[in-house]
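Asker: What follows is a predicted structure for the sequence shown.
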Amino acid sequence: MQKNLFVFFALLLFLSAIAMARDFNGFSADVPSGWEVIEEKDAMVGFVSPGREAVVTVTVASSRDVDPAAFAAEMAQGLGGSELVEEDGVYSFAFGENGVAVVHAADADLRVITIMGEHAALESLIDSIEWH
(Lines give C-alpha, C1' and ligand atoms only; values in the text may rest on other atoms or scores of the structure.)
Protein backbone atom coordinates (compact mmCIF):
# COMPACT_ATOMS: atom_id res chain seq x y z
CA MET A 1 0.00 0.00 0.00
CA GLN A 2 2.74 2.45 0.96
CA LYS A 3 4.67 1.59 -2.22
CA ASN A 4 1.56 2.22 -4.37
CA LEU A 5 1.04 5.57 -2.68
CA PHE A 6 4.67 6.52 -3.36
CA VAL A 7 4.34 5.54 -7.04
CA PHE A 8 1.12 7.55 -7.32
CA PHE A 9 2.72 10.70 -5.88
CA ALA A 10 5.86 10.27 -8.00
CA LEU A 11 3.70 9.96 -11.13
CA LEU A 12 1.67 13.01 -10.10
CA LEU A 13 4.81 15.09 -9.61
CA PHE A 14 6.23 13.90 -12.94
CA LEU A 15 3.05 14.76 -14.86
CA SER A 16 2.81 18.20 -13.25
CA ALA A 17 6.41 18.91 -14.27
CA ILE A 18 5.65 18.08 -17.90
CA ALA A 19 2.89 20.64 -18.39
CA MET A 20 0.73 22.86 -16.27
CA ALA A 21 -2.90 23.41 -17.35
CA ARG A 22 -3.94 27.05 -17.17
CA ASP A 23 -7.09 28.99 -17.98
CA PHE A 24 -6.94 32.20 -19.98
CA ASN A 25 -9.51 34.53 -21.50
CA GLY A 26 -11.49 32.31 -23.88
CA PHE A 27 -9.29 29.20 -23.78
CA SER A 28 -7.16 26.91 -21.68
CA ALA A 29 -3.81 25.30 -22.50
CA ASP A 30 -1.22 23.01 -20.98
CA VAL A 31 1.87 25.16 -20.55
CA PRO A 32 5.02 23.06 -21.03
CA SER A 33 7.49 23.09 -18.17
CA GLY A 34 9.93 25.99 -18.42
CA TRP A 35 7.84 28.02 -20.89
CA GLU A 36 7.15 31.65 -20.05
CA VAL A 37 3.59 32.97 -20.27
CA ILE A 38 3.03 36.62 -21.17
CA GLU A 39 -0.53 37.94 -20.89
CA GLU A 40 -1.60 41.14 -22.61
CA LYS A 41 -4.80 42.85 -21.42
CA ASP A 42 -7.02 39.72 -21.43
CA ALA A 43 -6.81 39.54 -25.23
CA MET A 44 -3.48 38.02 -26.20
CA VAL A 45 -1.38 35.38 -24.48
CA GLY A 46 2.18 34.61 -25.52
CA PHE A 47 3.98 31.35 -24.79
CA VAL A 48 7.77 31.53 -25.05
CA SER A 49 9.95 28.43 -24.98
CA PRO A 50 13.10 28.22 -22.88
CA GLY A 51 15.89 29.69 -24.97
CA ARG A 52 13.27 31.53 -27.05
CA GLU A 53 13.43 28.97 -29.89
CA ALA A 54 9.64 29.14 -30.31
CA VAL A 55 6.86 31.61 -29.61
CA VAL A 56 3.13 30.97 -29.77
CA THR A 57 0.53 33.70 -29.43
CA VAL A 58 -3.17 33.10 -28.91
CA THR A 59 -5.60 35.98 -29.27
CA VAL A 60 -9.31 35.87 -28.53
CA ALA A 61 -11.31 38.97 -29.43
CA SER A 62 -14.85 39.84 -30.41
CA SER A 63 -15.76 38.76 -33.92
CA ARG A 64 -18.52 41.36 -34.08
CA ASP A 65 -18.25 43.30 -37.35
CA VAL A 66 -15.08 41.39 -38.28
CA ASP A 67 -14.78 39.28 -41.41
CA PRO A 68 -12.25 36.54 -40.55
CA ALA A 69 -11.11 36.22 -44.18
CA ALA A 70 -10.50 39.95 -44.53
CA PHE A 71 -8.78 40.07 -41.14
CA ALA A 72 -6.51 37.14 -42.06
CA ALA A 73 -5.70 38.68 -45.47
CA GLU A 74 -4.77 41.99 -43.84
CA MET A 75 -2.66 40.20 -41.25
CA ALA A 76 -0.90 38.16 -43.96
CA GLN A 77 -0.15 41.31 -45.92
CA GLY A 78 1.19 43.08 -42.84
CA LEU A 79 3.49 40.16 -42.01
CA GLY A 80 4.61 39.64 -45.62
CA GLY A 81 2.90 36.26 -45.54
CA SER A 82 1.91 33.77 -48.18
CA GLU A 83 -1.46 33.52 -49.87
CA LEU A 84 -4.33 32.54 -47.59
CA VAL A 85 -5.41 28.93 -47.42
CA GLU A 86 -9.05 28.44 -46.40
CA GLU A 87 -10.52 25.21 -45.08
CA ASP A 88 -14.00 25.13 -43.52
CA GLY A 89 -13.86 28.77 -42.45
CA VAL A 90 -10.35 28.52 -41.02
CA TYR A 91 -7.76 30.76 -42.69
CA SER A 92 -4.04 30.15 -42.49
CA PHE A 93 -0.85 31.51 -44.01
CA ALA A 94 2.90 31.18 -43.61
CA PHE A 95 5.18 34.09 -42.81
CA GLY A 96 8.84 34.71 -42.10
CA GLU A 97 11.27 31.81 -42.06
CA ASN A 98 9.01 29.36 -40.24
CA GLY A 99 5.94 31.20 -38.97
CA VAL A 100 2.33 30.14 -39.37
CA ALA A 101 -0.86 32.00 -38.49
CA VAL A 102 -4.38 30.58 -38.19
CA VAL A 103 -7.51 32.73 -38.00
CA HIS A 104 -11.12 31.65 -37.51
CA ALA A 105 -14.35 32.83 -35.95
CA ALA A 106 -16.51 30.73 -33.64
CA ASP A 107 -19.57 31.88 -31.76
CA ALA A 108 -18.83 35.52 -30.91
CA ASP A 109 -15.04 35.06 -30.88
CA LEU A 110 -12.30 35.79 -33.39
CA ARG A 111 -9.47 33.37 -32.62
CA VAL A 112 -5.93 33.91 -33.87
CA ILE A 113 -2.95 31.65 -33.28
CA THR A 114 0.56 32.43 -34.47
CA ILE A 115 3.42 29.95 -34.24
CA MET A 116 7.03 30.95 -34.79
CA GLY A 117 10.09 28.75 -34.44
CA GLU A 118 10.52 25.13 -33.47
CA HIS A 119 10.56 23.27 -30.17
CA ALA A 120 9.89 19.68 -29.09
CA ALA A 121 6.93 20.76 -26.89
CA LEU A 122 5.30 22.95 -29.55
CA GLU A 123 2.88 20.35 -30.89
CA SER A 124 1.68 19.32 -27.42
CA LEU A 125 1.05 22.96 -26.50
CA ILE A 126 -1.00 23.57 -29.67
CA ASP A 127 -2.92 20.29 -29.25
CA SER A 128 -3.79 21.15 -25.66
CA ILE A 129 -5.64 24.38 -26.52
CA GLU A 130 -9.31 24.13 -25.62
CA TRP A 131 -11.66 26.98 -26.49
CA HIS A 132 -14.22 28.13 -23.91
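Answerer: Cool, got the structure.
Asker: per-residue confidence at Ala73?
Answerer: We note a pLDDT of 97 for Ala73 in this prediction.
Asker: Just confirm it is within a strand.
Answerer: No. Ala73: not assigned to a strand; according to DSSP: H, G, I helix; E, B strand; the rest coil it is helix.
Asker: tell me the phi and psi of the closest residue to it other than its chain neighbours?
Answerer: In space, not counting the residues next to it along the chain, Ala73 is nearest to Leu84; the distance is 5.8 Å by C-beta to C-beta, 6 or more residues apart in numbering. Placement of C-beta: from N, CA and C, glycine included. Geometry field for Leu84 lists phi and psi as phi -70, psi 140, criterion degrees, to the nearest 10.
Asker: again, but for Glu53
Answerer: Dihedral angles phi and psi of Glu53 (degrees, to the nearest 10) take the values phi -70, psi -30.
Asker: check contacts around it.
Answerer: 117-119 (C-beta atoms under 8 Å, 6 or more residues apart in numbering).
Asker: Follow the chain on from the helix or strand encompassing Ile126 and name the next helix or strand.
Answerer: Here Ile126 sits within helix 122-128, counting by DSSP states H and E. Per DSSP H and E, the first helix or strand lying C-terminal to helix 122-128 is strand 130-131.
Asker: In the chain, where is pLDDT below threshold?
Answerer: Within the chain, the stretches with pLDDT under 70 are 1-19.
Asker: switch to 50 and redo it
Answerer: Filtered on pLDDT under 50, the chain yields the residue ranges 1-17.
Asker: Just the strands from it, written as ranges.
Answerer: Secondary structure of the chain by DSSP state E: the strands cover 19-24, 27-32, 36-40, 44-48, 54-62, 85-87, 90-95, 99-106, 109-117, 130-131.
Asker: just to revisit the earlier point, give me every residue that touches the residue nearest to Ala73.
Answerer: By C-beta under 8 Å, 6+ apart, the contact list for Leu84 reads 69, 72-73, 76, 91-93.
Asker: Dump the strands of the chain to TSV, plus mean neighbour count.
Answerer: Putting the strands of the chain into TSV (neighbours: other C-beta atoms under 10 Å) gives the following:
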stretch	mean neighbour count
strand 19-24	14
strand 27-32	19
strand 36-40	12
strand 44-48	19
strand 54-62	19
strand 85-87	11
strand 90-95	18
strand 99-106	19
strand 109-117	19
strand 130-131	12
